[in-house]
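Engineer: sharing a sequence plus its predicted fold:
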Amino acid sequence: MLTYVLRRLLGVIPVVLLVTLIVFTMNANIPGDPGRIRLGQRADPAQVEAFNFKRGYLDPFLVQYVRYLGFAPSRIYADHATFDEVAGEETAREAQALLSRDGVTLSELEGFAEAHDLGVTEFRGRGLLYASRFRGVLQGDLGESDVKAGKRVGELLGTSFLVTVRLALGSILIAMLLGVGAGILSAVRSRTWIDYSSMVLAIIGVSMPVFWLGILMIMFVAPPLGLPRSGLDDSSLLQTIRHLALPCTALGLISSATIARLTRSAMLDVLSQDFVRTAKAKGLRPRVVILRHALRNASIPIVTVVGNSFGYLLVGAVLTESVFALNGLGSQIVESIVQRDKMVITGGILIMSLIFVSVNLLVDLSYGLFDPRVRHGRG
């Protein structure tokens, strides 16, 4: 089992590096000038160029990518909000005083930089002081927003991600209870009205757009039950459950349809095998035969579809978040696309990709719990 886990973990490393390269390449080719977006369309071209220079957007692509990963030091200039965190508060005050003095020469800046372990460079005839630090994606630093001054990408996406996680957990719980239950019942009562009714509902669930189901629930379910129609109040557990009840149910119902159909198919295949008939012939109770023997042997395809559904819920709930006005990860990325905030777009897509890779890894590792052949490398 340990060899199996290590093999899967090692396989994730090249996938993650490839994802960072693809995401960063997409970011570099997004239309728009970060400096122009940050400073406004009427900003002085010199100021725009200076902003892009300080943020490293004028550097070659490979240099930007290596710095983004954290293998090369980032430059934090003296007018940056976090300069004091890198250089120290006292050094930051002295640097600001020196730079604000009229007639300061490049040699004076170089002497100050050498004395305080700083760097100095020249841009358009003006000396710039900066502190260096090795920070990047591989160390958990997603950079700073291009649009929202002083806002770290990790903070923006972290708050939104917590909303999406709660939404996804509630949705997958509903989907598992309804989908697996309906699938087992349809397989056990195959070719009866229960089976036909369940599969008709499953087909309707697969076909119905989630945003349309959400709108219907807002119109016809929320008023009689007195449930909130939008937003999220996390002041208490009860309020969180009340606000997430409708969006979780909408997402859970849609996901349960796919889970129900696959569970039924997997259970029908297992129930027709010899070991199930042998278990019945020995006089085991039907519940034991179905839940302990049949369901366990049908679990791998079920675990696969549940894991994939959970991954989709984490990264693809943007329509539900929009309908119910939830500031989740998907909504945050859509807002960043509208604003052309490259760093938030890059960080968001990277997080979504890592979520999917992690979910698939956990699903792969869970196979070993259900199938001994996988644990011993024979599956």
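Structural biologist: Perfect, I can see it now. Since the structure is predicted, the reported quantities are computational estimates derived from the model, not experimental observations.

Engineer: return the backbone torsion pair for residue 75.
Structural biologist: phi -100, psi 120 (degrees, to the nearest 10).

Engineer: over to the closest residue to it other than its chain neighbours: give its phi and psi.
Structural biologist: What sits nearest to residue 75 in space, not counting adjacent residues and going by Cβ to Cβ, 6 or more residues apart in numbering, is residue 130, at 4.2 Å. Where C-beta positions appear, they are placed from N, C-alpha and C, glycine not excepted. Main-chain dihedrals, residue 130, degrees, to the nearest 10: phi -150, psi 160.

Engineer: before we move on, what about residue 221?
Structural biologist: According to degrees, to the nearest 10, residue 221 has phi -100, psi -40.

Engineer: could you do residue 83 as well?
Structural biologist: The phi and psi values for residue 83, taken as degrees, to the nearest 10, are phi -60, psi -40.

Engineer: I figured the residue nearest to residue 75 hits residue 117, correct?
Structural biologist: No: look at residue 130 against residue 117 with Cβ atoms under 8 Å: they stay out of range, at 11.4 Å.

Engineer: so the residue nearest to residue 75 bridges to which residues?
Structural biologist: residue 77, residue 119 (DSSP bridges).

Engineer: how many neighbouring residues does it have?
Structural biologist: Neighbour count of residue 130, defined by other Cβ atoms under 10 Å: 23.

Engineer: sketch out the low-pLDDT regions of the stretch 251-379 of the chain for me.
Structural biologist: Residue ranges of the stretch 251-379 of the chain with pLDDT under 70: 371-379.

Engineer: show me the helices in it, by range?
Structural biologist: Assigned by DSSP state H, counting those that start in this stretch, the stretch 251-379 of the chain shows helices spanning 274-281, 286-288, 295-297, 299-315, 318-323, 329-339, 342-370, 372-375.

Engineer: equivalent analysis for the stretch 101-250 of the chain, please.
Structural biologist: In the stretch 101-250 of the chain, the helices defined using DSSP H, counting those that start in this stretch lie at 106-115, 153-188, 193-207, 210-220, 222-225, 237-271.

Engineer: I'd like the distance between residue 286 and residue 339.
Structural biologist: 58 Å (Cβ to Cβ, to the nearest Å).

Engineer: and for residue 309?
Structural biologist: From residue 309 to residue 339 the distance is 31 Å (Cβ to Cβ).

Engineer: any chance you could list what contacts stretch 150-166?
Structural biologist: 81, 140-145, 148, 232, 240, 244, 314, 317, 321, 326-332, 343-344, 347-348, 351 (Cβ atoms under 8 Å, 6 or more residues apart in numbering).

Engineer: pLDDT averaged over it - what is it?
Structural biologist: For stretch 150-166, the mean pLDDT works out to 89.

Engineer: in it, which residues are buried?
Structural biologist: Neighbour-count burial for stretch 150-166, with 16 or more other Cβ atoms under 10 Å as criterion, is recorded at 151-154, 156-157, 160-161, 163-164, 166.

Engineer: please save the CA atoms from stretch 142-152 in PDB.
Structural biologist: The C-alpha trace of stretch 142-152 is given here as PDB (Å, rounded to 0.1, in the frame of the first residue of the first chain):
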ATOM      1  CA  LEU A 142       0.100  33.800  -5.400                       C
ATOM      2  CA  GLY A 143       1.200  37.400  -5.600                       C
ATOM      3  CA  GLU A 144      -0.700  40.700  -5.400                       C
ATOM      4  CA  SER A 145      -3.800  41.700  -7.300                       C
ATOM      5  CA  ASP A 146      -3.300  43.900 -10.300                       C
ATOM      6  CA  VAL A 147      -6.500  45.800  -9.700                       C
ATOM      7  CA  LYS A 148      -7.100  45.900  -5.900                       C
ATOM      8  CA  ALA A 149      -4.200  47.800  -4.400                       C
ATOM      9  CA  GLY A 150      -2.500  46.000  -1.500                       C
ATOM     10  CA  LYS A 151      -4.700  42.900  -1.700                       C
ATOM     11  CA  ARG A 152      -2.900  39.600  -1.800                       C
END
